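Enquirer: next input, structure requested:
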Amino acid sequence: MACPPPMAICISGGSVGGAPSACSAGAMDVGDARRRAARALRAFESFVASRTSQAADERVDRLERENAVLRKAVAIQSQRLGAAADENRRLSGEAGTARDALRRAERVNYGLSVQLKHAAPATPGGIGRLDVF
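Expert: Below you'll find the model as predicted:
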């Protein structure tokens, strides 16, 4: 009697322990039973190893695809952050220029207000004589 294939044991729901006993049922002596059981276990081991290898290969492929997507996302994010940093530097420069222009305008305004006070002394009834030409 030949040993049942490992796939049949797995599909039929038989236990791993059932394979050696099914194989050893037709054995002539203990040595023959051991050889048959060892052969069945090797077949089962190779079946499990191939299934595990397939699952591992599929997982590796999936992880490689996910890794490629994540690398693209990181590259895009890095590019956007670089563009935002460039924009921030540009706007900081413009803010500094505007701040300097505002300070100059405030100084000019202060100077003009001082000139206005000196040019038109205050009179009790309102604005006095202005030196405007």
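Enquirer: tell me what the longest helix seen in the chain is packed against?
Expert: Looking only at the chain and at elements set by DSSP state H, the helix with the highest residue count is helix 30-119. When contacts are defined as 3 or more C-beta pairs under 8 Å, 6 or more residues apart in numbering; DSSP states H and E, helix 30-119 packs onto helix 6-12, helix 18-24. In short, each C-beta sits where N, CA and C put it, glycine included.
Enquirer: lowest average pLDDT across those helices?
Expert: Of all those, mean pLDDT reaches its minimum on helix 6-12 (a mean of 44).
Enquirer: returning to what we had before: show the average pLDDT along the longest helix of the chain.
Expert: Per-residue pLDDT values over helix 30-119 give a mean of 93.
Enquirer: run a quick neighbour tally on residue 36.
Expert: By other C-beta atoms under 10 Å, the residues close to residue 36 number 21.
Enquirer: cool, the one 3 residues further on as well?
Expert: The number of residues packed near residue 39 is 13, by other C-beta under 10 Å.
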